[in-house]
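A.B. asks: Got a sequence here, can you model it:
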Amino acid sequence: MSEVINIKFKNRGKCYFFSPNGLQVKSGDKVVVETAKGLELADCCVGNHEVPDASVVQPLRPVVRLATKDDLRVEEINKKREKEAFEICRQKIQEHGLDMKLVDAECNFEGNKTTFFFTSDGRVDFRELVKDLAGIFRNRIELRQIGVRDEAKMIGGIAICGRPYCCGQFLDDFQPVSTKMAKVQSLSLNPTKISGSCGRLMCCLRYEQEAYEELNKKVPRQGAFVETKDGYGTAVSVNLLRQTVKVRLDDDRDDSLHVYKANELAAVPGGRPRDGEQPPHVLQYVPELEEEEEKEDEWALPELFAQNVPEEAEESVEQDKKRSRRRRRGKGKSDAPEKTESAEKPARPEKPARAEKHVKVEKVEKAEKGEKSAKKPADTPAQGQGRRGRAHVKPVKIEAKASEAAPARPAEGEAKAAKPKKRRYPHYRGKPKNNGGGAQA
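C.D. replies: Predicted coordinates:
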């Protein structure tokens with residue numbers, strides 16, 4: 001790969017590759033470059049970039065420097081000299097009576113050479129004209145004959161399409177254009193409609209020539225004897241872009257035209273047969289399969305925010321939601337890993353709705369040994385105790401789960417309750433008060 005920049009002289013279409021020579025040049029900058037004719041001031045149309053080595057013609061000419069204020073001032077002086085030289089040369093041409101049309105005058109950047117461009121239908125003897133111009137400008141004089149297309153490229157202008165000339169914008173070289181191209185593209189052969197401002201055929205006729213040649217291979221030419229699915233006939237008109245042909249059938253009495261697609265007819269080789277001869281069968285019609293278009297609801301709103309989430313991602317989102325719910329229910333308990341249900345095991349029944357987390361329960365009165373013994377009957381009070389012989393504890397309201405509610409108080413005369421294996425209510429650790437001083441219950 002080679003690092004190059006694109007340079008255009010006098011803004012005249014063609015771009016040339018130059019070596020940036022270590023400089024960073026931007027598009028639109030003016031630079032001074034070295035050419036075969038000496039130093040020249042040019043415009044950069046493409047900045048530093050790399051291109052394949054095969055597309056570069058070695059050796060590359062270098063960029064001398066970016067244009068300075070002095071270089072721009074020299075350019076302004078040369079433009080004034082070019083205008084003066086153009087007027088003087090035109091007057092001298094009239095004095096010598098030469099059959100030539102002056103197009104442009106150009107002074108080089110160093111100021112030691114002046115070039116005049118002209119057009120002419122034939123050869124011109126301008127030796128005396130060169131002597132007069134050299135005596136006036138005191139530098140080297142060059143007269144160059146160009147064609148009418150180059151004239152249009154140098155002068156510039158607006159074409160019939162409303163855009164600037166292609167030759168002045170991007171065309172590097174002029175390619176040959178013929179009238180056959182206009183015939184293939186079914187254009188009018190009127191010279192005023194297919195000719196450009198230069199008087200030659202328009203360069204744009206060549207742009208779509210290859211596409212029209214491919215389309216012409218698929219349809220018969222106008223006036224050909226063709227075979228259709230409805231019979232034989234003559235092609236009256238051909239629409240290349242739509243690939244349709246209007247055919248007048250031989251069996252049709254009212255001489256009406258029928259429109260067929262390119263795959264619905266075929267040209268018969270040899271043309272129309274003689275009287276009494278049977279035309280050959282050449283059509284191999286294959287109907288095109290029409291794709292069924294999905295019926296769209298005209299009143300449905302467009303899906304502007306469609307969520308294209310895969311199924312696996314959706315399942316993972318649902319699992320995360322379930323885990324978060326279990327964390328909230330478990331009050332910070334460690335989350336056990338989820339067990340996926342296999343196809344062999346039956347599905348678990350749904351759990352019933354959970355009761356309220358906390359209920360208010362009043363704690364029962366208990367004796368000193370408390371949870372182990374049951375309450376004595378009321379008709380046998382302890383000695384010296386009276387009504388106060390029992391130990392009284394102020395009931396305390398606690399929060400307990402519904403599944404851990406206190407057991408019911410035993411009725412009078414029942415036996416002592418069995419000793420529990422584990423203490424269910426570890427909240428009351430102190431002994432009950434003995435207000436009477438007698439024996440304890």
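A.B. asks: got the contact list for Val103?
C.D. replies: 117-119, 146, 151, 154-155 (Cβ atoms under 8 Å, 6 or more residues apart in numbering). Where you see a C-beta, it was placed from the backbone N, CA and C, and this is true even at glycine.
A.B. asks: Among those residues, which are located in helices?
C.D. replies: Among the contacts of Val103, the members falling in helices (DSSP state H) are 151, 154-155.
A.B. asks: Go ahead and build a ChimeraX selection from the buried members of those residues.
C.D. replies: Buried subset of the ones in helices among the contacts of Val103, written as a ChimeraX selection, criterion 16 or more other Cβ atoms under 10 Å:
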select :151,154
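A.B. asks: with the ones in helices among the contacts of Val103 in mind, which one is nearest to Ser178?
C.D. replies: For those, the closest approach to Ser178 (Cβ to Cβ) belongs to Glu151, at 21.2 Å.
A.B. asks: ok, now which ones touch that closest one?
C.D. replies: If you count contacts by Cβ under 8 Å, 6+ apart, Glu151 has them with 103, 117, 119, 198.
A.B. asks: So which of these is the closest to Ala262?
C.D. replies: Of all the contacts of Glu151, the one with the least separation from Ala262 (Cβ to Cβ) is Cys198, at 37.3 Å.
A.B. asks: How many residues are close by the closest one?
C.D. replies: Residue neighbour count, defined by other Cβ atoms under 10 Å, stands at 20 for Cys198.
A.B. asks: Please apply the same query to the one 10 residues further on.
C.D. replies: The tally of other residues near Glu208 (other Cβ under 10 Å) stands at 13.
A.B. asks: Identify the spatial nearest neighbour of it, chain neighbours not counted.
C.D. replies: In space, Glu208 comes closest to Gln185 once its chain neighbours are excluded; the distance is 6.8 Å by Cβ to Cβ, 6 or more residues apart in numbering.
A.B. asks: again with Val57
C.D. replies: In this structure, Val57 finds its nearest non-sequential neighbour in Phe17, 7.6 Å apart by Cβ to Cβ, 6+ apart.
A.B. asks: Quick check, that neighbour in contact with Val51.
C.D. replies: Yes: with contact defined as Cβ atoms under 8 Å, Phe17 counts as touching Val51 (7.2 Å).
A.B. asks: Overlap in contacts, the two.
C.D. replies: When contacts are counted by Cβ under 8 Å, 6+ apart, the set common to Phe17 and Val51 consists of Val4.
A.B. asks: just the ones in helices among the contacts of Val103 now: which is nearest Lys229?
C.D. replies: Taking Cβ to Cβ as the measure, Lys229 sits nearest to Glu151 out of the ones in helices among the contacts of Val103, at 55.3 Å.
A.B. asks: how near is the closest one to Gln58?
C.D. replies: Spatial separation of Glu151 from Gln58 under the definition Cβ to Cβ, to the nearest Å is 33 Å.
A.B. asks: can you pull out the helices in the stretch 151-300 of the chain?
C.D. replies: If you assign secondary structure with DSSP state H, counting those that start in this stretch, the helices in the stretch 151-300 of the chain sit at 166-169, 179-184, 191-194, 209-216.
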